[in-house]
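Chemist: Attaching a predicted model along with its sequence, questions to come.
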Amino acid sequence: MSQTAASLSVRDLGKTYTTGTRSVRAIDNLNFDVAAGELVCVVGPSGCGKTTLLRTIAGLLRPTTGELTVDGRGVTGTPPGTAVVFQEYGRSLFPWLRVGDNVALPLRDNSVGGAERRTRVREALEQVGLADAERSYPWQLSGGMQQRVAIARALAYRPRLLLMDEPFAAVDAQTRADLEDLVYRLWRDLGVTVVFITHDIDEAVYLGQRVLVLSAPPSRIREEITVDLPVERDQLTTRADPRFLALRTQIHQHIRESGR
Ligand SMILES: Nc1ncnc2c1ncn2[C@@H]1O[C@H](COP(=O)(O)OP(=O)(O)OP(=O)(O)O)[C@@H](O)[C@H]1O
């Protein structure tokens, strides 16, 4: 499976929530670019606006200021070719639909014919190691497997831009490591552009080519760190690399200072 990746530019992006007379300025004047085929992680202190940023890029929230461009063209709403994976797989999968039907869901309204749809579903489930689970219901699977189904659903859509919002925050440590390796492998195989939100600094350094550190709200980009680790990564060697430890320490310091 191959698809062209999207490039993304975020310009002067701001989002203020207004409820009645109260307003909360969550993000303020964010500027950054993500190149086609890049994997960028976003971290920051709790409540700094990571989810707001991701939902705004996904077109689920309307920005208060600024604009998004994808492949150089201004977009409002969801950028074409975008798929999102959320943290709460339990809420993003329909319990009354079998795994295969959950994965096929986003293909129903984009003119993918029945035979092609079945091929894509099978391929996507194979890619996440769940070829045998197509006829199961989500509730018959473990949390990690359910999150794989959510990833397969995104892949079946063949996204050009994959947005992930703390996708592994609700699974145990070993499953999390496996899912990180899965996403890293898929990113390398498919060449898709990935924006990955996480509160876990180690995860950001392990996966990212670049890490954007947000400040406390109204958040801005506090720092942009290039992860100059070898492209071949594995949980034991990479995490023991002195450069990995130096990068995580550097990001920790930025987050601590920006949280003050
Ligand atoms: N629907 C909403 N209405 C009003 N304020 C909101 C809403 N959603 C988020 N906020 C506020 O916007 C700010 C940023 O929230 P957001 O959830 O984007 O941060 P986050 O970095 O993802 O948080 P966490 O690290 O805890 O996941 C917070 O102050 C939050 O209270």
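Modeler: Cool, the structure landed.
Chemist: Point out the residues in the chain that sit beside the ligand.
Modeler: Remark: the part of the chain in contact with the ligand comprises 17, 19, 24, 26, 44, 46-52, 199, 217, using C-beta under 6 Å from any ligand atom. Every residue, glycine included, has its C-beta placed from N, CA and C.
Chemist: do that again at 8 Å, thanks
Modeler: By C-beta under 8 Å from any ligand atom, the residues of the chain that approach the ligand are 15, 17, 19, 22, 24, 26-27, 44-55, 165-166, 197, 199, 214, 217, 219.
Chemist: Which PyMOL command selects the buried ones in those?
Modeler: A single PyMOL command selects the buried members of those (16 or more other C-beta atoms under 10 Å):
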select buried, resi 15+26+27+44+45+48+49+50+51+52+53+54+55+165+166+197+199+214+217+219
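Chemist: In this structure, what residue spans correspond to helices?
Modeler: Ranges of helices in the chain, per DSSP state H, are 50-57, 89-92, 99-104, 114-127, 143-156, 173-190, 201-207, 235-240, 242-259.
Chemist: Can you redo those as CSV, where the extra columns are mean pLDDT?
Modeler: Shown next, in CSV, are those (pLDDT from 0 to 100):
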stretch, mean pLDDT
helix 50-57, 94
helix 89-92, 80
helix 99-104, 95
helix 114-127, 91
helix 143-156, 93
helix 173-190, 92
helix 201-207, 97
helix 235-240, 95
helix 242-259, 92
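Chemist: Spatially nearest residue to residue 77, not counting backbone neighbours?
Modeler: Distances taken as C-beta to C-beta, 6 or more residues apart in numbering put residue 59 closest to residue 77, at 4.3 Å, once the chain neighbours are dropped.
Chemist: ok, now which ones touch the one you found?
Modeler: Contact partners of residue 59, counting by C-beta atoms under 8 Å, 6 or more residues apart in numbering, are 75, 76, 77, 78, 79, 82.
Chemist: now, the most widely separated pair of those residues?
Modeler: The most widely separated members of these are 76 and 82, with 12.9 Å between them, by C-beta to C-beta.
Chemist: which of the two has more neighbours?
Modeler: The residue with more neighbours, out of residue 76 and residue 82 and counting by other C-beta atoms under 10 Å, is residue 82; that gives 23 against 10.
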